[in-house]
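Chemist: Got a predicted structure plus its sequence, pasted below:
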Amino acid sequence: MGSMDTPTIIENGTTQSHAAAAIAADGDPKPLASANGAPMEMTPESEATKRRRSSVLPLEVGTRVMCRWRDGKYHPVKVIERRKMHYGGPNDYEYYVHYTEFNRRLDEWVKLEQLDLDSVETVVDEKVEDKVTSLKMTRHQKRKIDETHVEVGHDELDAASLREHEEFTKVKNIVTIELGRYEIETWYFSPFPPEYSDSLKLYFCEFCLNFMKRKEQLQRHMRKCDLKHPPGDEIYRSGTLSMFEVDGKKNRVYGQNLCYLAKLFLDHKTLYYDVDLFLFYVLCECDDRGCHMVGYFSKEKHSEESYNLACILTLPPYQRKGYGKFLIAFSYELSKKEGKVGTPERPLSDLGLLSYRGYWTRVLLDILKKHKGNISIKELSDMTAVKAEDILTTLQSLELIQYRKGQHVICADPKVLDRHLKAAGRGGLEVDVSKLIWTPYKEQS
């Protein structure tokens, strides 16, 4: 996600900004000329502006200011970090900013020219600022920025842990990646090994997920790499879609590389270096060149809490095509094969809960529409593999359940069901269960 470059002048092979172009070769400033060539006198306003600039620059970390974004409009930002320019004076810095109206994934490095210095504010109370920001964001803005991003946390983050996490991951280290035929802008920090700390772009092999610093390295690697799909067993194929089950213990490097890749697009994901305990289900689009990763979900091999999904991601080029819903549905089809009820690992992000609530709504209401006579939550759970608690909270949120004479009673008026189903939206791609060939994981002795 590049910043908007300031116009430049090429002179004697060097690049200068318009401001720098007014400096003569001997370093003395020359008076700016008007259209007829006569020197212009500095107005009081420009002197005031100059004094203003010198008083606020360089901007401190934590400063709030208006910044010109890619839409050409100014938005409020907070300065997260700054770095000295390789050329220029003592006040020439680039600034890493967080757009307070938007998700952290849009944080980026910007040049001074993008900032409106007349709008510089002193630091305000964080809690007050967050509350104001949340009120200012419209529902459409949030949906547009967050799209279909589903995030399932790996551990509870209290306020202190969240602050520590944001401090450690505040500056995005990798700006773009190349994966197959796509160049993808990253969203968040990922803790790649130290030798990659100076790389703004990484090149991934789309089949084994090894990553390199240079395009030539990737090209050499692709001539040797004999994989054309993720390592592991193909357990599902329907049309051009395939799902591969990858055992983290048998394919440790692949599992770790997948976690590095996923962290670039997931904010509060804990990166597990010990991938032995997990199975990864990698969804691919297949063609004559091979099977190209679309997204994945992971699950623990043995979960005491009946978790059937630990982490889920649809890669940005494939979002808004129903793949996220497909992955959620697939996790429940595996639970049915296991003869168990399942639930996603907690805590769920707001958007994660929204995605799951949509899935649960569609599945449950579809059954209630077709079912004749009484049905219990236990029976719904047995039919769907959805945990009873998730069924209860979903139906309560839809106001379809009442408590009468010591028990919960489902109220299923057909018109009400149709209204809720319409609000829940389409279900995405269907999982053709007849194409799923899979046996539940068993530890080998």
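Modeler: Ah, there it is.

Chemist: For residue 240, what are phi and psi?
Modeler: Note on residue 240: backbone dihedrals following degrees, to the nearest 10 are phi -100, psi 0.

Chemist: so what's the spatially most central residue of the chain up against?
Modeler: Nearest to the mean C-alpha position of the chain, by Cα atoms, centre = their mean, lies residue 265 at 3.6 Å. Neighbouring residues of residue 265 by Cβ atoms under 8 Å, 6 or more residues apart in numbering: 105, 149, 186-188, 313, 315-316. Where you see a C-beta, it was placed from the backbone N, CA and C, and this is true even at glycine.

Chemist: for it, phi and psi?
Modeler: According to degrees, to the nearest 10, the main-chain angles of residue 265 amount to phi -130, psi 0.

Chemist: Pick the one among the contacts of residue 265 closest to residue 285.
Modeler: Nearest to residue 285 among the contacts of residue 265: residue 315, at 10.8 Å, using Cβ to Cβ.

Chemist: Grab the nearest non-local neighbour of the closest one.
Modeler: residue 295 (5.7 Å; Cβ to Cβ, 6 or more residues apart in numbering).

Chemist: How many residues are close by the one you found?
Modeler: Applying other Cβ atoms under 10 Å, we find 23 other residues in the vicinity of residue 295.

Chemist: Contact partners for residue 399?
Modeler: For residue 399, the set of contacting residues under the criterion of Cβ under 8 Å, 6+ apart is empty.

Chemist: rerun at 10 Å
Modeler: Contact partners of residue 399, counting by Cβ atoms under 10 Å, 6 or more residues apart in numbering, are 411, 416, 420.

Chemist: What about the residue nearest to the second one when sequence neighbours are not counted, how many residues nearby?
Modeler: Among residues not flanking residue 416 along the chain, residue 400 sits closest, at 7.1 Å (Cβ to Cβ, 6+ apart). Residues contacting residue 400 under the criterion other Cβ under 10 Å number 20.

Chemist: State the distance from residue 400 to residue 314.
Modeler: 29 Å (Cβ to Cβ, to the nearest Å).

Chemist: same thing with residue 382?
Modeler: As it turns out, when the distance is counted by Cβ to Cβ, residue 382 lies 29 Å from residue 314.

Chemist: And the two? Which one has more around it.
Modeler: Neighbours were tallied for residue 382 and for residue 314 using other Cβ under 10 Å; the higher tally belongs to residue 314 (25 against 14).

Chemist: need the helices for the stretch 51-200 of the chain, in chain order.
Modeler: In the stretch 51-200 of the chain, the segments counted as helices under DSSP state H, counting those that start in this stretch are 126-136, 139-146, 159-168.

Chemist: Can you show me the strands along the stretch 301-445 of the chain?
Modeler: Taking DSSP state E, counting those that start in this stretch as the criterion, the stretch 301-445 of the chain contains strands spanning 307-309, 311-314, 343-344, 401-404, 407-410.

Chemist: and of these, who's closest to residue 197?
Modeler: Minimum separation from residue 197 across those (Cβ to Cβ) falls at strand 311-314, 23.5 Å.

Chemist: Check which helices and strands that closest one sits against.
Modeler: helix 252-263, strand 278-287, strand 290-300, helix 323-338, helix 350-370 (3 or more Cβ pairs under 10 Å, 6 or more residues apart in numbering; DSSP states H and E).

Chemist: Now do the last one and helix 323-338, the angle between them.
Modeler: Right, helix 350-370. Between the axes of helix 350-370 and helix 323-338, defined by axes from the mean of the first three to the mean of the last three Cα atoms, to 10 degrees, the angle is 60 degrees.
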